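Here is my input, please return the structure:
(chains A and B)
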Amino acid sequence: MSILINGSTRLVVQGITGSEGAFHARKMLAYGTSIVAGVTPGKGGEWVLDGKIPVFDSVKSSVEVTGANTSVIFAPARFAADAILEAADAGIRLIVCVTEGIPVKEMMTVKHVIQEKNVCLIGPNSPGLISPDDAIVGIIPGSITMKGNVGVISRSGTLTYEVVHALKQAGIGTSTCVGIGGDPIVGTNFSEILSHFEADSQTDFVVMIGEIGGREEENAAGFIAESMTKPVIGFIAGQAAPPNKRMGHAGAIVEGGVGTAESKITALQNAGVQIARYPEEIPELIETL
Amino acid sequence: MRLHEYQSKDVFSKYQIPTPKGRLASTPEEAKLIAEELNTAVVLKAQVLVGGRGKAGGIRLVKSPGEAGEEASRILGAQIKEIPVRRLLVEEAVNIQQEIYLGMTIDRETGNILLISSAEGGVDIEEIARVSPEKIVKININPMLGLQDFQGRFLATEIEIPRDLWRVFVSICRNLYDAFRDLDATLAEINPLVITTDNHLTALDGKIILDDNALFRHPDYIDKRDISAETPEEIEAQKFGLAYIKLDGNIGCLVNGAGLAMATMDIIQHKGGKPANFLDIGGGASSEKVAAALRIILADPQVDTVLINIFGGITRCDEVANGIKLALNTLKTDLPFIVRLAGTHEDEGRRILADANLETVESLQEAAEKAVKLSLEPVS
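Below is the predicted model of the structure:
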């Protein structure tokens, strides 16, 4: 089995009538993901994607009618936090937020609410997840990966594509690939995803792609040392980045000496993680295990 | 967005946090006039958005209005770390008994706000945090509940503030918290918060950083953004929605996605080369945007090799290839280009570039190796 998403995923797309939402909903559907509904407030009653998918005014009504259990959010930044809270309120257990640029203040509220309700939020600013052959929830292209036994976790988007593509070129497939998002506050951290992979029978190895900023990788190192029996291979982006400059992602900045690539690499190595120096070295390291 | 000291102090005043009396001057005459009004020894403080301005001569204590005018004309003509000083804060000098650190930031893991304080504030706070972390006291504030007075009192006792100042200290904590929330700040610091020799608390220096993603709620600050610390290329990049940061190497980089852009810089460094910049064109970039990005890279005189690394997802390789072609039609350059295209519409992209006599490579590793080799060759 994969983690978080699989053949029994029933997906509702929040923001399905927007250009990004429509574009990616079509791709997810073509890949075989079971999309059961879309939500755009004010457009309930319409049918989209060649008349195949019903649109609802609220997540609650979409859940009642279609039994949706997973949501993916493409709503614009100013409305995305509200969309997350709406999905959590409607009883959705897995919420994936692709939207980038949500203010931190809203995310503080969201973080507290999802913890209280015990909801799994992936993102925001996440490319989503793919369990090859089963489902895509988000924007990861289906063609760049294939089914296999490596679990992939990342804070980035295209860098994740680079890594799973390099794995595929080497004949290595993935169980599930999860982009946890590049923002300072995200719903789910590395350690939580690592524990899913540790428990997953399809996953034999885990690849963890971190980047500068915050203490997320250091915390994950602690978890790996204590609780992981499966081998973990790591890569940290931003070794050449200067301090006090934000490297694109809102979370990728080295401030006051905290969050350096060096500190993360040392912590992970001490936890027994093999560190790749560049993305294409990851499959080489897996082959030696 | 980082606020200037004077802007942070305006915020403090608005939230009843005591600050020294003073005003902003942009000419020596104004500085002299303000010093006359204050009628005491004053401190002149250069308003530039870089650290270490004190050590660079940007802060001066003067005894008389005449001296204030002279020193002001010196500082206003000077540059601090290559940034010209255009404005000075002229403030009454304070006699310091103790310097405290008081700051607020976001705790990424919990989504709480961290209230941080130390009895030893001032310029060396980062050093103290590193060497004696036990001298830093941290309190977690649940944003759903807000800061409670007992938390402020706890902090006051922990850092051993005299009992007669507790009430004022707690109100400063509360007011700083309100400002932090109202302004969508990601950092609000009073450093140092000073206990004066006549036993008052006052905010001697301040730093506030606002969440860029929330600036739409604070339109008055958007117009006040100070771009003097940014290079012309960085300003130009912002116009096109590109994330660009100049570095000191010679291999210009154009990449889609922040993580991949960092990884591309890393592999260049790993192979023995030096990246000239970080540049993320973002997702789904148009050919016009790609052309703008290339113009910015080529405007850097240090660049002698260009490495383009695109992994197409939302971004289409053919669109990027057209952008490269578009830029090369208008820009004459003899610099070598190494282009790596993978993902969405990669074959079409390669065909377009082949028409423009540009070769493409398959892997990131190969691209980096080629770029480094070319960049190390002596210029003929």
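
thinking B:Phe180 is in contact with B:Ile190, fair?
No - counting by CB atoms under 8 Å, B:Ile190 is not a contact partner of B:Phe180; they are 11.4 Å apart. Every residue, glycine included, has its C-beta placed from N, CA and C.

Have a look at the two and say which one is more surrounded.
B:Ile190 (29 against 26; other CB atoms under 10 Å in any protein chain shown).

Quick one: low-confidence residue ranges for the stretch 101-250 of chain B.
Applying pLDDT under 70 to the stretch 101-250 of chain B flags the ranges B:229.

which parts of it sit against chain A?
B:106, B:108-113, B:126, B:129-130, B:142-144, B:181, B:184, B:186, B:211-214, B:216-217, B:243, B:245, B:247 (CB under 8 Å from any CB of the partner chain).

Tell me where the stretch 1-150 of chain A has strands.
A:11-14, A:35-39, A:47-48, A:53-56, A:70-73, A:94-97, A:120-122, A:128-131, A:135-138, A:147-154 (DSSP state E, counting those that start in this stretch).

for these, which one sits closest to chain B?
strand A:147-154 (7.4 Å; CB to the nearest CB).

what sits up against that closest one?
Contact partners of strand A:147-154, identified using CB atoms under 8 Å, 6 or more residues apart in numbering or on different chains, comprise A:3, A:132-133, A:160, A:163-164, A:167, A:172-180, A:190, A:193-194, A:197, A:200, A:202-210, A:286, B:259.

if we go to 7 Å?
Contact partners of strand A:147-154, identified using CB atoms under 7 Å, 6 or more residues apart in numbering or on different chains, comprise A:3, A:132-133, A:160, A:163-164, A:167, A:172-180, A:190, A:193-194, A:197, A:200, A:202-209, A:286.

just to revisit the earlier point, now the residues of the stretch 101-250 of chain B next to chain A: which count as buried?
When neighbours are counted using 16 or more other CB atoms under 10 Å in any protein chain shown, those contain these buried positions: B:106, B:108, B:110-113, B:129, B:143, B:181, B:184, B:186, B:211-214, B:243, B:245, B:247.

Keep only those of those residues that are in strands.
Counted as lying in strands by DSSP state E, out of these, are B:Ile106, B:Asn112, B:Ile113, B:Thr186, B:Ala243, B:Ile245.

Quick check: residues of the stretch 101-250 of chain A near chain B?
For the stretch 101-250 of chain A, the residues in contact with chain B (CB under 7 Å from any CB of the partner chain) are A:101-105, A:107-109, A:111-112, A:139, A:141, A:144, A:155-159, A:161-162, A:165, A:182, A:184-185, A:211, A:214, A:237-242, A:245, A:247-249.

Can you select the buried ones from those residues in PyMOL?
Buried subset of these, written as a PyMOL selection, criterion 16+ other CB under 10 Å:
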select buried, chain A and resi 101+102+103+104+105+107+108+111+112+139+141+144+155+156+157+158+159+161+162+165+182+184+185+211+214+237+238+239+240+241+247+248+249
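
ok, back up a step: adding distance to B:Ile267, write the strands of the stretch 1-150 of chain A out as a markdown table.
Shown next, in a markdown table, are those (distance: least, CB to CB, whole Å):
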| stretch | distance to B:Ile267 |
| --- | --- |
| strand A:11-14 | 36 |
| strand A:35-39 | 37 |
| strand A:47-48 | 42 |
| strand A:53-56 | 42 |
| strand A:70-73 | 32 |
| strand A:94-97 | 30 |
| strand A:120-122 | 28 |
| strand A:128-131 | 25 |
| strand A:135-138 | 26 |
| strand A:147-154 | 17 |
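
Same list (those) but as JSON lines, adding mean pLDDT and distance to B:Thr231.
Listed next are those as JSON lines, based on pLDDT from 0 to 100; distance: least, CB to CB, whole Å:
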{"stretch": "strand A:11-14", "mean pLDDT": "98", "distance to B:Thr231": "39"}
{"stretch": "strand A:35-39", "mean pLDDT": "98", "distance to B:Thr231": "44"}
{"stretch": "strand A:47-48", "mean pLDDT": "97", "distance to B:Thr231": "45"}
{"stretch": "strand A:53-56", "mean pLDDT": "98", "distance to B:Thr231": "47"}
{"stretch": "strand A:70-73", "mean pLDDT": "98", "distance to B:Thr231": "36"}
{"stretch": "strand A:94-97", "mean pLDDT": "98", "distance to B:Thr231": "34"}
{"stretch": "strand A:120-122", "mean pLDDT": "98", "distance to B:Thr231": "36"}
{"stretch": "strand A:128-131", "mean pLDDT": "97", "distance to B:Thr231": "35"}
{"stretch": "strand A:135-138", "mean pLDDT": "96", "distance to B:Thr231": "35"}
{"stretch": "strand A:147-154", "mean pLDDT": "97", "distance to B:Thr231": "31"}
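
Same list (these) but as JSON lines, adding mean neighbour count.
Formatted as JSON lines, those follow (neighbours: other CB atoms under 10 Å in any protein chain shown):
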{"stretch": "strand A:11-14", "mean neighbour count": "29"}
{"stretch": "strand A:35-39", "mean neighbour count": "25"}
{"stretch": "strand A:47-48", "mean neighbour count": "16"}
{"stretch": "strand A:53-56", "mean neighbour count": "22"}
{"stretch": "strand A:70-73", "mean neighbour count": "30"}
{"stretch": "strand A:94-97", "mean neighbour count": "29"}
{"stretch": "strand A:120-122", "mean neighbour count": "24"}
{"stretch": "strand A:128-131", "mean neighbour count": "27"}
{"stretch": "strand A:135-138", "mean neighbour count": "28"}
{"stretch": "strand A:147-154", "mean neighbour count": "23"}
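
Quick check: bridge partners of the most centrally placed residue in chain A?
Nearest residue to the geometric centre of chain A (CA atoms, centre = their mean): A:Gly179, 2.8 Å. A:Gly179 forms beta bridges with A:Gly128, A:Ser154, as assigned by DSSP bridges.

Convert the C-alpha atoms of the top helix by length along chain B to PDB, please.
With secondary structure taken from DSSP state H, chain B has its longest helix at helix B:166-182. Written as PDB, here are the backbone C-alpha positions of helix B:166-182 (Å, rounded to 0.1, in the frame of the first residue of the first chain):
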ATOM      1  CA  TRP B 166       6.700  45.100  36.400                       C
ATOM      2  CA  ARG B 167       3.500  46.900  35.500                       C
ATOM      3  CA  VAL B 168       5.100  49.000  32.700                       C
ATOM      4  CA  PHE B 169       7.000  46.000  31.500                       C
ATOM      5  CA  VAL B 170       3.900  43.800  31.300                       C
ATOM      6  CA  SER B 171       2.000  46.600  29.400                       C
ATOM      7  CA  ILE B 172       4.900  46.900  26.900                       C
ATOM      8  CA  CYS B 173       4.700  43.100  26.300                       C
ATOM      9  CA  ARG B 174       1.000  43.400  25.700                       C
ATOM     10  CA  ASN B 175       1.200  46.400  23.400                       C
ATOM     11  CA  LEU B 176       4.000  44.800  21.400                       C
ATOM     12  CA  TYR B 177       1.900  41.700  21.000                       C
ATOM     13  CA  ASP B 178      -1.100  43.800  19.800                       C
ATOM     14  CA  ALA B 179       1.200  45.600  17.300                       C
ATOM     15  CA  PHE B 180       2.600  42.300  16.100                       C
ATOM     16  CA  ARG B 181      -0.900  40.900  15.500                       C
ATOM     17  CA  ASP B 182      -2.400  44.000  14.000                       C
END
